[in-house]
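Undergrad: here is a sequence with its predicted model. Questions after.
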Amino acid sequence: MSSVPAARALGGTEVTLEGKEVRPLVRILLVIGFALLTCAGAKITIPLPFTQVPATLQTLPVLLAGALLGARAGAASQALYVGLGIAGLPVFALPGTGPGYLLGPTGGFLVTGQVRRLVRPLGSAGAFLALLCGGVALYLCGLSWLALLLGGNVGAAIRAGLHPFLLFDLSKIVVATGIDAAWTRVALKRAQACRSGTPA
């Protein structure tokens, strides 16, 4: 049997186990769980006096949702998170709720979470590259919003929304790569257990 289904046992393009889709209830719980993790990450903030965008842990669960759950389930978790905020729940990093919040300085980073599509490659190097691409996508969208709010001043947007966060976000990508590797090891172990008929 190919090792590809095993390596994607809990991730890949869908939430699967040994090439078969996880039960709908489990998939729903994972989607809800990552939405809640994103809420929690958004609330862990470090306000910076020289920029409108706070430093948060929000991008860590956003990237992990795409890497571990796959494109569809990962995007669904972030769509749920954004939907909670649009509905009026205080789940965003900065004060405010509702649709208008998405036009604020962090709006681009939030919207990207539900439209980003990352195919999780095999191996830690591939996972790191995929997560790095996801981080770049978040920055491109977020900086675009911020530049518009600053009257089209791209330089000011980069100084306020990119420079202060590069090392912090790179460290989150490294952490996410480690979590992805651990997730894959668990998936392989469960897949091997399924083949051998022994408990994982």
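TA: Received it, and whenever you're ready, just let me know what you need. All values derive from a computational prediction rather than experimental measurement.
Undergrad: worst-scoring helix or strand of this structure, pLDDT-wise?
TA: Every helix and strand in the chain was compared by mean pLDDT, DSSP states H and E; the lowest is helix 3-7, with a mean of 40.
Undergrad: which residues of this structure fall in helices?
TA: Ranges of helices within the chain are 3-7, 24-43, 59-64, 71-86, 107-115, 124-149, 154-161, 166-196, based on DSSP state H.
Undergrad: select, out of the ones you listed, the one closest to Gly98.
TA: Closest to Gly98 of the helices of the chain is helix 71-86 (Cβ to Cβ; 6.3 Å). C-betas here are computed from N, CA, C, even on glycine.
Undergrad: quick check: mean pLDDT across that closest one?
TA: For helix 71-86, mean pLDDT rounds to 86.
Undergrad: for the helices of the chain, which one ends up most surrounded?
TA: Of all the helices of the chain, helix 59-64 carries the top mean neighbour count, a mean of 27, counting by mean count of other Cβ atoms under 10 Å.
Undergrad: and that one, what does it pack onto?
TA: Counting contacts by 3 or more Cβ pairs under 8 Å, 6 or more residues apart in numbering; DSSP states H and E, helix 59-64 packs against helix 24-43, helix 107-115, helix 124-149, helix 166-196.
Undergrad: starting at the chain centroid, how far to it?
TA: 3 Å (Cα atoms, centre = their mean, to the nearest Å).
Undergrad: list the contacts of it.
TA: 34, 37-38, 40-41, 78, 109, 112-113, 116, 131, 134-135, 138, 169, 172-173, 175-176, 179-180 (Cβ atoms under 8 Å, 6 or more residues apart in numbering).
Undergrad: Phe50 versus the residue nearest to the spatial centre of the chain, what's the distance?
TA: The residue lying closest to the centre of the chain (Cα atoms, centre = their mean) is Val62, at 1.6 Å. Using Cβ to Cβ, to the nearest Å, we find Val62 at a distance of 24 Å from Phe50.
Undergrad: for Arg195, same thing?
TA: The spacing between Arg195 and Phe50, counted by Cβ to Cβ, is 55 Å.
Undergrad: for Ile44, same thing?
TA: From Ile44 to Phe50 the distance is 20 Å (Cβ to Cβ).
Undergrad: compare the two and say which is more crowded by neighbours.
TA: For Ile44 versus Phe50, neighbours defined as other Cβ atoms under 10 Å are more numerous around Ile44 (13 against 8).
Undergrad: list the contacts of Val174.
TA: Val174 touches Phe128, counting by Cβ under 8 Å, 6+ apart.
Undergrad: repeat for Lys172
TA: 57, 59-60, 63, 135.
Undergrad: what do you get if the cut-off is 6 Å, keeping everything else the same?
TA: Lys172 is in contact with 59-60, counting by Cβ atoms under 6 Å, 6 or more residues apart in numbering.
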